[in-house]
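In: Provide a 3D model corresponding to the input given below.
(2 chains)
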Amino acid sequence: MINKIFSLFLLVVTLFLSQQVYSAPRLPSENRECATCHIMWLKDFKRNDIETLVPYEPKPVVKTGKQDVASTEAMCFSCHDGFVLESRSLWESGKHAHPVGQKPSEKISIPIVDGKNLFPLNDEGRVYCGTCHSAHGVDWDDKESTIFMRVSDVDGQLCMACHKEKTNGPESGSHPVLKKVHHKPEELVKAGAKFGKKDEVLCRTCHKPHAAPEKKLLRLKNSKSELCGQCHDDRYGETMADAARMKTHPVNIKPENAHIPESLLKAGAKHGGDGEVVCQSCHRPHDAKSKQGLLVKKNDNGLLCQSCHQDKKTVLNSKHDMNLVDKDSENSRGEKVKDNGACSACHVPHKGNGPKMWSRTLDKNIEDKNGPMAALCLSCHVEKGLAEKHTVGQFSHPVGVDVKNLGHKVSLPTFGKDGLKWTDVMEGKVSCASCHDPHQWDANNKHLKAKPGDKGDNTNRFLRVANGAGAELCKTCHIDKWNITGSKHDMRLMAPRSKNSQGQTVFESSLCGACHLVHNANGSKLWARSNLEGEGTGYVACIGCHNENGLAKKKTLGTHSHPLNVEVNKLGIKASRDKWRSTKQSSKDKSDLNENIIALPLYDKKGYPADQDGHVGCGTCHDPHNWSVLADKKNENENVKDIDGDANSSFLRIADNGQSQLCVNCHQDKKTVFLTKHDLTEQTIKHSVGDKNKSAEPVIKENVKGACLHCHRPHNAGENALWSRPLSEAETPVGKMCGSCHQKDNIAGKKLPGNHTHPVGVDIGDLENHKAIPLFDDEGNRTEYASLIDCASCHNAHQWDPNNNQNKRSSLAKEEGDTTNSFLRASANKNSELCVRCHSDKKMIVGTDHDFSKAAVNTLSQKRDVSGVCGQCHVPHHGVSDLYLWAQPLGKGQDPVEQRCRSCHAEFKQAADKNPEAGQHPKQINIWSTELRQQIHEDKELADIRAFDDEGRQTAFGAVTCASCHNPHQWQALHQQVNKGENKEGNVLNSFLRNEDSRNIVCADCHGQDGLYRYKYFHSKSTHKAK
Amino acid sequence: MRTDSYVLKFLSLSYLSLYLSVSAQAGTIPYVPADFLYDLKTPQAKTLSLPSDVAIGRQYVYVVDGGNHRISVFDLRGEFQFSFGGPGKGKSEFDYPVGIDVAANGRVYVADSGNKRIQVFDSKGKYIRQFKVTSGRYRIRPVDVLIDEKNKELYVTGNETHEVLVFSLKGKPKRKWGGNGVNEGEFRYPATLAHLKDGRIAVVDVLNSRVQVFNKNGEYSTQISGWGVTSGQVFRPKGIAVNSKGHVFISDSYLNLVQVFEDSGQLLHVLKIKEGHQLVTPVGMSIDKKNRLYITEMRKNRISVFNVNP
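Out: Numbering: from 1, shown residues only, chains lettered A, B, ... in the order given. Take a look at the predicted model:
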């Protein structure tokens, strides 16, 4: 029985023990909830009979924990992993978090409340998660939203509770907090930045206590000042151009001449990963050394600036060291140079007034006119400025101009719009700082000092390159001017003792300084010699020497010289600075008129180069810096004074090359003379030249090349048209020139006008069409009001064929010219276009019976198709007589007029059937011409009757002859009627009669009503017989 | 009398055996070694960041790379193939996704937790559709997804409401069960889901430290494991996976281990990982047809593969 009871007991005990092992899950209880985190409180850890899945660790095994594993990161993470609460953003790998497991530094002061740290440390005095966080929560104000923090972080008070030293603002060398920001940068907001209730900057604006992407718990990368630039965007650039535009110290660029020294890095300065300057190269957001500006190092006397800009220290103890000039002078911020250092006199690192972080006031007018860089220098170098003794004057080296016009790279600095500096490029604008380095007094010795009052010269004055006798500085840019060396304009050779307007010899002023002054010059072209009166078009400077008393007195222009101050557009050229274009069109000449036109300099009235439609000046044809464009002509003689120039040298811009290339570059229309009978280059010519106003001194030149120069010369020429040949004895000015050759025993001795030739020197100003041909004044000039005929009225000496400028007649050709060429301005054949330009009233002869048939010839044996309609009766040269320049054999008649009519109206002549046997009016009877009678009968319309004198010329009172009643050029009065050479019998209404209806007009004034019968008597075979 | 002594001896021996066996079971942890095979390999530019779950398809292995807001895809040998997604709210973008599952047709379902939606992609990551996860009129954060191929349904665990929600595969809400609590059928932060061999649904109940089993309609069936620190108990259960034999693998992200149970709830063993590979925060898991267990180790940013052939 006892055994049964004992067995039963054992069974019960066994069942009880097994139940202990396979116990039901624990029901929730307060203990259970605590053990959600406080795992080590589980009693299972105290049991000896079971093995727990993790060891019992009542104390933290990590520095970051306190008490036990409940306060370890692993425990927190076991819920904050996204499966219970999503907090993975705070645990991401590679991110930065507020330090835990470390003892706070001495700078940290944890507030004490009720005798205890408000933010507890673990048992080892280290920061752990629970220092800031409490998993049990604390009493909160309802409005506060942060949970599980020991103190709410409204307006950053949580961070500032411990990190006091970082929150006292610039006074304690720390970035300001609780200061309202100008704007909330979008990128910073996106990165989770927190701001105060009134948009103040807080610690958590820049810093993120958990999962910060950057070191120092920064929300954004700051290796290249990206974080700083979020708020301070007015001084954050990524390039030099950005910095220039913002007028602030550059950041994010690798300095070329400046260098961040090791000592500054040790003081806490930073640079970008590749040595770039960044905000933190100068500034420290915390633990800064200076109250103002949060600087890494104090900038007293500009020491911080000089740390990096060692090369600029040369400004100290120079004339640009304001400590020497005026130490109490203030920059635009009111900072005195004696307090802030030499650099501050001109520069401030941020919010400058202009390029280069300028700290002085700029004149907007100067800035607009000369560019921003020049305005920097001119903030002092102006009247009433700090450097008023060193102004640049009215005429100074240009600034603000683009160097690309030089056509080559420039080794001196040039500047962009915002003051950005370039070197060794072909762009950018010239400025003061192109030639001057404002930080270094002497070009060759950077240690050389100079104080105000010290005299400078061309080796210092802050020049970048010393500008000695060889003008090395000028040459840097003006390489194209360097052919002047060794030429007749090299004053070192030609006039070494002559002085410029500042009293300097060429060796004192430099090669260029003999003629040019960089500042305070005398006029355009930066002229360094005395000014001459009068408006300059690029010649005032030249005749300063090239005058009878000047340095170049042997090379004067003479009284008659190529015109200056004239526009080339009158020659049919549209001229802009770099491109000239012909505006003339030639339908027959298919060549491109613009092909060979070279743009030459033109000038405005002040002598400055003109961009559009300027005027001719000396410099148009001459480049005073270049003796010859031909290589073989340069410096060919050691003694330059012995060299005499010619058309291929003489500082001409275009060599003649035997083709007058310089002349025809402008006078394109004159090119047509080449290879014509007026092109004398094929002949060896000896000719003399002389100026009318000078004593005759023949100068024989042989083998002058180029067609133009055989007749013209640009300087010291003859009277008209720059004539270079001896004038003939002709009566008219142009005739004298033509007669240079067209005279007996001369070049054109076989081409003489003859005894009976078209009148010249006649005033045709009253003629209706007098503008149809060139007319001249009595000096041979073609002017607006000229009215005299001359040879050149009908002849264009430069063009053989008026209708085809490619049609030439070589001077060696033996063919004779005719009425279609012969340098005529228009053809004279066929309908005599040239003649009717003036004699338009004679045009109506065409198609009448007086328009001779093709078979007819004149006294020059020319048929009508050669002579033209006019030429059958009249020829301009070699006529039978002066009267009418008659070209037919004279007939018999009682007066010269009738003799001419009888050339054809006679027996056996062309108009034999129109032969009034008794055509003469009684010779002793003289009449008044209509012109005279009209003076009496002013209100009457009188018939047109002409009177003629004994010489056959019209007169007011004279004899009646054929032409009294007949107009041989017009079949019918008032309008043209063509008979087509049909030789029809006319009547009283036509028949070349002057009046429209002669029935009651012819002879009626004297003979009354029977005048018609008189008429018939004279003209009808049947009614009268010859006496 | 002789009979009584025999009975006594028998009982004594039985008691002794029982006590010893029970003592032995209660006192020691039944470790079973698990052979580490390899980690899924990622190129440097595609390093995982706080991954949470893994799912295995026919051709690819899909990993929820939560910290990078994307899905990284590997072949069945563990070689990285491609990834898709990125941070954001738009199509094919994620906000700290958590769970994932792959359908038999290759489609990938992702619990885009931060965006409170499910996104669906094809096997190559091409976007197909998305739908909001709601419970009543509240939009809630999904934690895991589980596809029911047979019924064309999708099970989703909801974080804030502590529920299991059932949708059609196109996102139409169908039913739900659960709620915040400690009783049967209630949850405190339901996490991952898995099908048991018989089709029942196992739900990891994190802060209740247990796994609850339901039928497809949400009727409570049983519980696997419970709260504690001894073998067979769990502290912070996170991931769950079932092998071909129906054994249930449960990961514990604080205890850093994986335990294996029968679907009745009886502990089989605790996986013992060989030296040199310590599990760190194991969370989501998956088992392939070859009985290779893929374990997501969140703080280690890796997916480790073990041979767990029974």
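
In: wait, is residue B:111 part of a strand?
Out: Yes - membership of residue B:111 in a strand is supported by DSSP: H, G, I helix; E, B strand; the rest coil.

In: neighbours around residue B:43, how many?
Out: Here the number of neighbours of residue B:43 (other Cβ atoms under 10 Å in any protein chain shown) works out to 8. Quick note: C-beta positions are derived from backbone N, CA and C, even for glycine.

In: show me the contacts for it.
Out: Neighbouring residues of residue B:43 by Cβ atoms under 8 Å, 6 or more residues apart in numbering or on different chains: residue B:80.

In: how near is it to residue B:69?
Out: 18 Å (Cβ to Cβ, to the nearest Å).

In: what are the phi and psi angles of residue A:985?
Out: Taking degrees, to the nearest 10, you get phi -80, psi 130 for the backbone angles of residue A:985.

In: in terms of pLDDT, where does it sit?
Out: Each residue has a pLDDT score; the one for residue A:985 is 75.

In: please save the CA atoms from stretch A:620-634 in PDB.
Out: Included here for stretch A:620-634 are C-alpha records, laid out as PDB according to Å, rounded to 0.1, in the frame of the first residue of the first chain:
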ATOM      1  CA  THR A 620      45.200 105.000 -94.600                       C
ATOM      2  CA  CYS A 621      48.000 104.400 -97.100                       C
ATOM      3  CA  HIS A 622      51.000 104.500 -94.700                       C
ATOM      4  CA  ASP A 623      51.800 102.200 -91.800                       C
ATOM      5  CA  PRO A 624      54.400 104.300 -89.900                       C
ATOM      6  CA  HIS A 625      55.700 101.200 -88.200                       C
ATOM      7  CA  ASN A 626      56.400  99.200 -91.200                       C
ATOM      8  CA  TRP A 627      58.900 100.400 -93.900                       C
ATOM      9  CA  SER A 628      57.800  97.800 -96.500                       C
ATOM     10  CA  VAL A 629      55.400  94.900 -96.600                       C
ATOM     11  CA  LEU A 630      57.900  93.100 -98.900                       C
ATOM     12  CA  ALA A 631      60.400  91.100 -97.000                       C
ATOM     13  CA  ASP A 632      63.200  91.900 -99.300                       C
ATOM     14  CA  LYS A 633      62.800  95.500 -98.800                       C
ATOM     15  CA  LYS A 634      63.200  95.400 -95.000                       C
END
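
In: can you list the residues that contact it?
Out: Residues from elsewhere that reach stretch A:620-634 (Cβ under 8 Å, 6+ apart): A:480-484, A:486-489, A:538, A:542, A:562, A:600-603, A:635, A:645, A:648-655, A:662, A:714.

In: ok and the residue in the stretch 101-250 of chain B nearest chain A?
Out: Per Cβ to the nearest Cβ, residue B:226 is where the stretch 101-250 of chain B lies closest to chain A, at 3.1 Å.

In: isn't that residue right up against residue B:212?
Out: No - taking contacts as Cβ atoms under 8 Å, residue B:226 lies outside contact range of residue B:212: 10.7 Å.

In: give me the more crowded residue out of these two.
Out: Between residue B:226 and residue B:212, counting by other Cβ under 10 Å, residue B:212 is the more crowded of the two (22 against 19).

In: mind checking the SS state of that one?
Out: strand.

In: quick one: contacts for it?
Out: Per Cβ under 8 Å, 6+ apart, neighbours of residue B:212: B:184, B:185, B:187, B:202, B:203, B:205, B:220, B:222, B:223, B:224.

In: same thing but at 7 Å, please
Out: By Cβ atoms under 7 Å, 6 or more residues apart in numbering or on different chains, residue B:212 lies in contact with B:203, B:205, B:220, B:223.

In: ok, residue A:75 next?
Out: A:37, A:69, B:254.

In: ok, and the most crowded of those residues?
Out: Ranked by neighbour count (other Cβ under 10 Å), the contacts of residue A:75 have residue B:254 at the top, with 26 neighbours.

In: residues from the stretch 51-200 of chain B in reach of chain A?
Out: B:52, B:66, B:67, B:96, B:98, B:113, B:114, B:143, B:182, B:189, B:191 (Cβ under 7 Å from any Cβ of the partner chain).

In: for residue A:972, state which of those is nearest.
Out: Proximity of these to residue A:972 (Cβ to Cβ) peaks at residue B:114, which lies at 111.5 Å.

In: count of neighbours near the closest one?
Out: Burial measure for residue B:114: 19 neighbouring residues, criterion other Cβ under 10 Å.

In: repeat that for residue B:200.
Out: Using other Cβ under 10 Å: residue B:200 sits among 16 other residues.

In: relative to residue B:147, how far out is it?
Out: Using Cβ to Cβ, residue B:200 is found at 15 Å from residue B:147.

In: ok, residue A:677 next?
Out: 109 Å.

In: same check on residue B:37?
Out: From residue B:37 to residue B:147 the distance is 26 Å (Cβ to Cβ).

In: of these two, who's got more company?
Out: Neighbours per residue, other Cβ under 10 Å: of residue B:37 and residue B:147, the larger number sits with residue B:147, 22 against 14.

In: surely that one is in a strand?
Out: Yes - looking at residue B:147 with three-state DSSP, it is inside a strand.

In: what residues does it make contact with?
Out: With the criterion set at Cβ under 7 Å, 6+ apart, residue B:147 makes contact with B:101, B:103, B:109, B:154.

In: what's the most distant pair in those residues?
Out: By the measure Cβ to Cβ, B:103 and B:154 form the most distant pair in the contacts of residue B:147, at 9.2 Å.

In: what about the two, which has more around it?
Out: More neighbours surround residue B:154 than the other of residue B:103 and residue B:154, with 25 against 18 (other Cβ under 10 Å).

In: what strand or helix carries that one?
Out: Using DSSP states H and E, residue B:154 maps to strand B:153-158.

In: what's the next helix or strand after that strand packed up against?
Out: Using DSSP H and E, the helix or strand that directly follows strand B:153-158 along the chain is strand B:163-168. If contacts are counted by 3 or more Cβ pairs under 7 Å, 6 or more residues apart in numbering or on different chains; DSSP states H and E, strand B:163-168 sits against strand B:153-158, strand B:173-178.
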